[in-house]
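Q: any chance you can model this:
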Amino acid sequence: MADWTETELAALRRAYASGTTRVSYDGKSVDYGSAEDLLGRIRTIERSIAGTTRPLPLAGLAGFSRGDR
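A: Numbering: from 1, shown residues only. Modelled structure (predicted):
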């Protein structure tokens, strides 16, 4: 597990809120390819800080019946 800091998370959130994909913190700069990439990093760090590393489900399974059984 990587050791992310609240400083990094705050910088990512500020960048996302301002609509930019370039993030600078602690003398480092990172360019993300898209806002979705940046948001994905934010979610990864939030889960890590919260203690859950399992990805959140994107969709569930739905069942259906035609009613003929």
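Q: for the residue nearest in space to the middle of the chain, give its distance to R66.
A: The centre of the chain sits closest to R43, judged by Cα atoms, centre = their mean, with a distance of 2.3 Å. Distance, R43 to R66, using Cβ to Cβ, to the nearest Å: 38 Å. To be clear about C-beta, it is placed using only N, CA and C from the backbone, and glycine gets the same treatment.
Q: quick one: residues in contact with stretch 24-33.
A: Residues outside stretch 24-33 that contact it (Cβ atoms under 8 Å, 6 or more residues apart in numbering): 5, 7-8, 10-11, 21-23, 38, 41.
Q: just to revisit the earlier point, hang on, the residue nearest to the centre of the chain in a strand?
A: No - read with DSSP: H, G, I helix; E, B strand; the rest coil, R43 is helix and lies in no strand.
Q: returning to that earlier point: among the contacts of stretch 24-33, which are in strands?
A: Among those, DSSP state E puts 22-23 in strands.
Q: for this structure, which spans come out with low pLDDT?
A: The chain contains residues with pLDDT under 70 at 1-2, 52-62, 64, 69.
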